[in-house]
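# Sharing a model prediction with you, sequence too.
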Amino acid sequence: MREGIHPDYGPVVFRDRAANYAFLTHSTMTSEKTIEWEDGNTYPVVDVEISDVSHPFYTGTARVLDTAGRVERFERRYGKKG
């Protein structure tokens with residue numbers, strides 16, 4: 001590997017604000033905000049909108065779309081076939 005062209009790789013805390021969940025991992029992402037972790041050290045924290053804890057695919061909770069209302073609106077606008 002060439003020296004001086006790669007970003008720094010270090011510990012970072014990713015925090016899912018929707019689920020109130022945080023996890024410590026290694027990443028090249030950085031942040032001005034910091035958080036004191038359970039081990040007593042201070043790490044940069046990156047806020048994310050969604051993680052495996054709050055994502056519907058992983059949690060088994062899916063959002064229900066109002067498809068009936070969309071179909072009725074389409075039929076009113078363009079007429080029913082037949």
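The structure has been received and is ready for your questions.

# confidence score at Ile50?
As summarised for this prediction, Ile50 has a pLDDT of 81.

# swap in Glu32?
93.

# Let me see the contact set for it.
Pro44 (C-beta atoms under 8 Å, 6 or more residues apart in numbering). In short, each C-beta sits where N, CA and C put it, glycine included.

# Thr25 too?
Thr25 touches 11-12, 14, counting by C-beta under 8 Å, 6+ apart.

# what sits opposite it in the beta ladder?
Val12 (DSSP bridges).

# That one and Val48: what is the separation?
When distance is defined by C-beta to C-beta, to the nearest Å, Thr25 is 12 Å away from Val48.

# Just to check, Phe14 is in contact with Ala22?
Yes: using C-beta atoms under 8 Å, Phe14 makes contact with Ala22 at a distance of 6.7 Å.

# Pick out whichever of the two has more residues nearby.
Shown here are Phe14 and Ala22; by other C-beta atoms under 10 Å, Ala22 has more neighbours (20 against 17).

# And that one, what's its pLDDT?
On the pLDDT scale, Ala22 gets 94.
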